[in-house]
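Student: give me the fold of what follows.
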Amino acid sequence: MGEKRLVYMDHSATTYTRKEVLDAMIPYHAENFGNPSSIYSIARASKNAIDIARAQVAKALGADPEEIYFTSCGSESDNWAIKGIAFANRKKGNHIITTKIEHHAVLHTCEYLENQGFAVTYLPVDKYGLVDPAELEKAITDKTILITIMYANNEIGTIEPIAELGAIARRHKVYFHTDAVQVIGNVPVDVRAQNIDLLSLSAHKFYGPKGVGALYIRKGVKIDNLIHGGGQERRRRAGTENIAGIVGLGRAIEFATADIEGHNRRIRAMRDRLLKGIVEKIPHAYLNGHPEKRLPGNINISFEFIEGESMLLWLDDEGICASTGSACTSGSLEPSHVLLATGLPVEISHGSLRLTLGNVNTEADVDFVLDVLPKVVSRLRDMSPLYQKSGKEGGCNVQ
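Tutor: Have a look, this model is predicted:
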């Protein structure tokens, strides 16, 4: 019996770490292990490595190195940006604006702040997951101190009009933060041109190591510290630096942003062929997210009459790694808050599948998924009483 094929199509969840990135990190686990806060030579080597990584991140974002602060992950960066702005600017106002489709690192932070006396407006989105800039402007009051809107959605892949939203915030003299965890290496970022005051990112989303992220904070932004202690990160973020992780983040962001157009061309071609095949082979399917303004590797599609978790388990049995918009795997009977916010009915939201392609994928992977997925959906529908009662046959309802 041959070895089971493995097809990884969950790159929005995490990516592998590139060999070149690992090679750059290894010396900082071994011979260059010095604490950068010390003054001897191996410590200076560590400090120099951090400075190089800071410059690499700054270049990728169009920022200055002094505006880059290393963290443990994207969630920490989100928490720091939102709580830091809220508490530092409380005398000016207590109003924050976000959207209904943010990552939980943002939504739960905003909910926490509501319990601390802050008011939060959760903007709606259209059926594609897009924020209406006019709705944002209408929501701003003289008490608004922060707008936090994700650059691209992690579930449905929709890319927001960040430059336009940032310009509105700038006009009203309100700080603008964006969770850009999903876009590094997929979309060119320029924090100056896009009017971004704070930006969160995480290395493991662009072929870097887990456990390290960064927060861009524009010079002049008034923000409190999230973590207190020593004087690391120019006294803004205490804790001994994860030197190897920081080195890895710096190298990974260099690779990820070196040829975004070429990367997108290859990934988008595979994605489009996969989507076309799914649409042709599986009836009663609904594409979620914007058909064009979306991340190059993202497909989020809902299938009527089946449940997402069952689909994932059957796909995993065939060697296909994917994810679902249903929250059943977390012990909740509620479907994705993102899909519900786009107006998708609950019963259809439960049958969603997210396939996110990346560097490891090949045309053979696409062929394999197009062979396996229709069979899985068909088997699950054969067991579904709802499908039997519906009397539906053939026809595809892709939005």
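
Student: neighbours of the residue lying closest to residue 260 once chain neighbours are set aside, just the number please.
Tutor: Leaving aside its sequence neighbours, residue 260 sits nearest to residue 188 (Cβ to Cβ, 6 or more residues apart in numbering; 5.7 Å). Heads up, the C-betas are built off the backbone N, CA and C, glycines and all. Using other Cβ atoms under 10 Å as the criterion, residue 188 is surrounded by 15 other residues.

Student: over to residue 265?
Tutor: Using other Cβ under 10 Å, residue 265 has 11 neighbouring residues.

Student: how distant is stretch 366-378 from the center of its chain?
Tutor: 26 Å (Cα atoms, centre = their mean, to the nearest Å).

Student: any buried residues in it, and which?
Tutor: 366, 368-370, 372-374, 376-377 (16 or more other Cβ atoms under 10 Å).

Student: with those in mind, which one is nearest to residue 284?
Tutor: Set against residue 284, the nearest of the buried residues of stretch 366-378 by Cβ to Cβ is residue 377 (9.2 Å).

Student: give the contact list for that closest one.
Tutor: Contact analysis of residue 377 by Cβ atoms under 8 Å, 6 or more residues apart in numbering lists 282, 303, 306, 311.

Student: count the residues that sit near residue 122.
Tutor: Counted with other Cβ under 10 Å, residues neighbouring residue 122 total 16.

Student: ah, wrong one, I meant residue 313
Tutor: Neighbours of residue 313 under the rule other Cβ under 10 Å: 11.

Student: please renumber so the chain begins at 26
Tutor: Let's use 26 as the start, then, which means that last one is residue 338.

Student: any idea which element it lies in?
Tutor: Using DSSP states H and E, the element containing residue 338 is helix 333-342.

Student: tell me which other helices or strands that helix touches.
Tutor: Contacts defined by 3 or more Cβ pairs under 8 Å, 6 or more residues apart in numbering; DSSP states H and E place helix 333-342 against strand 377-381, helix 388-407.

Student: and it with strand 377-381, angle?
Tutor: Interaxial angle, helix 333-342 versus strand 377-381 (axes from the mean of the first three to the mean of the last three Cα atoms, to 10 degrees): 40 degrees.

Student: show the subsequent helix or strand relative to helix 333-342.
Tutor: Downstream of helix 333-342, the first helix or strand assigned by DSSP H and E is strand 345-346.

Student: parallel or antiparallel, which strands does that next one pair with?
Tutor: Using DSSP bridges, the neighbouring strands of strand 345-346 in the sheet come out as strand 32-33 (parallel).

Student: now the partner strand, how far from the centre of its chain.
Tutor: Computed by Cα atoms, centre = their mean, the chain-centroid distance of strand 32-33 equals 19 Å.

Student: avg pLDDT for it?
Tutor: Strand 32-33 shows a mean pLDDT of 98.
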